[in-house]
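> quick one, what's the 3D model for this:
(2 chains)
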Amino acid sequence: MSDAALVTEHKVPPVTERKLPPVTELAITTIALTVVGGIYMASHLPKHFSLAFPIADVAVCGALVAANLVMLARVKPFAWRTFFLVGKWALAAYAVISGMLVYTFARDHTPAGPMTVLALMLVIWAVDIPLLLAFTVARYATP
Amino acid sequence: MGPPVVPDFQIVPTRGLPIVGAAVVALVVAIAGDWKWALDFFHVVGGGMWTGIDLFVGFIVGPILAKLSIQARVEFSTRFMPKMLLLMPTLVTWTLAAGWQLARKLGNLNAGYGRHGWLVASYIVVGVMAVIALGLLEPANLAVLFELKKPQPNPEIIARLMKRFIYTAGITGAMQVATLIIMTRIAT
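So this is what the prediction gives:
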């Protein structure tokens, strides 16, 4: 079946005209917030510093990723096959990159508190970026 | 306007994956061994290539690409973008991981270090570039490749995503000038 026929059958507007939730905007905001938290922590390490701001930052980022996933899950129809194809490979790649960064911080004997916050930031990072990559590709695919 | 003719290509060039794997393993070995020369090598070579490629793509390739026909952009992109998909994340990982480790080893991370402010400035520049590259450039790069893999690629989508790629490459290129200034300040 052609793309055009699929679009007609599912009553879906062409991919360039579809109204989708602001997944891209929220994902980019999350990246920016994790970067801000990361810079704050990196500029204070290795000395002792207050974790109040980084913890609040991680909490906001976690909430944004969760909200993004919920909004995206409610989109029907969506090219989920394409989404998961891109998402799983991107997740694998970013898990390796995040793992390397966690390893580097652990190797440097980063104290437990900052280490936990950094690890959480990297987990958010490793979920958010694959989500953004997969969404950007899947939004132009036929559901 | 008819759909562009797309040459056969791989979105992720699998032949390059062993090279990327070897590059990452070498970096891990350098960090694990705290080997100063290797850390220096990965940071300088990775950073130099990252900066050079960003500047070249942003100010030379990007403007040329913007003036090409859709067909020419497609032919260029199918050969260029898959390679960038492997090359750039590898160079960025090399540069940042080795750079962090090197700064720790040399004591540059301490707030008492005379040029700590420049180091924080470098974090900010890299942070802004990371948001642009990861949030806009890389998704556009990947989406163009997937669009081109379709039996009938949509020229409108390709043009829109390529425009985003060209603009963001230009911005990261401009930011790399700041990186050059900061790094030469730190090294002087």
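> chain center to the helix or strand hosting A:Pro130, what's the gap?
According to DSSP states H and E, A:Pro130 maps onto helix A:112-138. Using Cα atoms, centre = their mean, to the nearest Å, the mean C-alpha position of helix A:112-138 is found 5 Å from that of the whole chain.
> near chain B at all, that helix?
Yes. Helix A:112-138 reaches chain B (Cβ under 8 Å from any Cβ of the partner chain) through A:129, A:132-133, A:135-137. Bear in mind the C-beta positions are built from the backbone N, C-alpha and C, glycine included.
> also stretch A:23-43?
Yes. Counting by Cβ under 8 Å from any Cβ, contacts between stretch A:23-43 and chain B involve A:24, A:27-28, A:31-32, A:35-36, A:38-39, A:42-43.
> find the pair from the residues of helix A:112-138 next to chain B with maximum spatial separation.
A:Ile129 and A:Val137 (12.8 Å; Cβ to Cβ).
> circling back: what residues sit buried inside the helix holding A:Pro130?
Applying a neighbour-count criterion of 16 or more other Cβ atoms under 10 Å in any protein chain shown, one finds A:114-115, A:117-138 buried in helix A:112-138.
> for chain B, what's the longest helix?
Longest helix in chain B, counting residues (DSSP state H): helix B:70-106.
> mind listing what's buried in it?
For helix B:70-106, the neighbour count (16+ other Cβ under 10 Å) marks B:70, B:73-75, B:77-78, B:81-82, B:84-104 as buried.
> before we move on, what about stretch A:60-79?
Buried positions in stretch A:60-79, judged by neighbour count with 16+ other Cβ under 10 Å: A:60-62, A:64-65, A:68, A:72, A:75, A:78-79.
> pull the residues that contact it.
Contact partners of stretch A:60-79, identified using Cβ atoms under 8 Å, 6 or more residues apart in numbering or on different chains, comprise A:10, A:12, A:20-23, A:26-27, A:29-30, A:33-34, A:37, A:120-121, A:124, A:127-128, A:131, A:135, A:138-139, A:141-143.
> how far out from the middle of the chain is it?
The answer for stretch A:60-79 is 10 Å, by Cα atoms, centre = their mean.
> kindly report the same for stretch A:80-96.
In terms of Cα atoms, centre = their mean, the centre of stretch A:80-96 is found 11 Å from the chain centre.
> before we move on, the earlier item: tell me the helix or strand right after the longest helix of chain B.
Downstream of helix B:70-106, the first helix or strand assigned by DSSP H and E is helix B:116-132.
> for that next one, name the packing helices and strands.
In this structure, helix B:116-132 packs against helix A:23-44, helix B:155-187, with contacts taken as 3 or more Cβ pairs under 8 Å, 6 or more residues apart in numbering or on different chains; DSSP states H and E.
> would you mark the buried spots in it?
Across helix B:116-132, burial judged by 16+ other Cβ under 10 Å covers B:116, B:118-123, B:125-132.
> ok, now how distant is the most centrally placed residue in chain A from A:Phe78?
Central residue of chain A (Cα atoms, centre = their mean): A:Asp128, 0.5 Å from the mean position. According to Cβ to Cβ, to the nearest Å, A:Asp128 and A:Phe78 sit 18 Å apart.
> now B:Gly52
The gap separating B:Gly52 from A:Phe78 is 39 Å, by Cβ to Cβ.
> cool, and B:Ile53?
34 Å.
> list the contacts of the residue nearest the centre of chain B.
The centroid of chain B falls nearest to B:Met88 when counting by Cα atoms, centre = their mean (3.6 Å). When contacts are counted by Cβ under 8 Å, 6+ apart, B:Met88 is found next to B:50, B:53, B:133, B:138.
> between those residues, which is nearest chain A?
Of all these, B:Glu138 has the smallest distance to chain A: 6.7 Å, by Cβ to the nearest Cβ.
> list the residues that contact B:Lys149.
Counted by Cβ under 8 Å, 6+ apart, B:Lys149 has contacts B:6, B:9, B:11.
> apply 10 Å and report the result again.
Contacts for B:Lys149 (Cβ atoms under 10 Å, 6 or more residues apart in numbering or on different chains) come out as B:6, B:8-11, B:78.
> cool, and B:Ile19?
By Cβ under 10 Å, 6+ apart, the neighbours of B:Ile19 are B:13, B:86-87, B:90.
> with distance to A:Ala52 and pLDDT added, can I get the residues you listed in JSON lines?
Below are the contacts of B:Ile19 laid out as JSON lines (distance: Cβ to Cβ, whole Å; pLDDT from 0 to 100):
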{"residue": "B:Pro13", "distance to A:Ala52": "45", "pLDDT": "89"}
{"residue": "B:Leu86", "distance to A:Ala52": "40", "pLDDT": "89"}
{"residue": "B:Leu87", "distance to A:Ala52": "39", "pLDDT": "91"}
{"residue": "B:Thr90", "distance to A:Ala52": "36", "pLDDT": "90"}
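> could those residues go into a markdown table alongside distance to B:Ala30?
Output for the contacts of B:Ile19, formatted as a markdown table (distance: Cβ to Cβ, whole Å):
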| residue | distance to B:Ala30 |
| --- | --- |
| B:Pro13 | 25 |
| B:Leu86 | 20 |
| B:Leu87 | 19 |
| B:Thr90 | 14 |
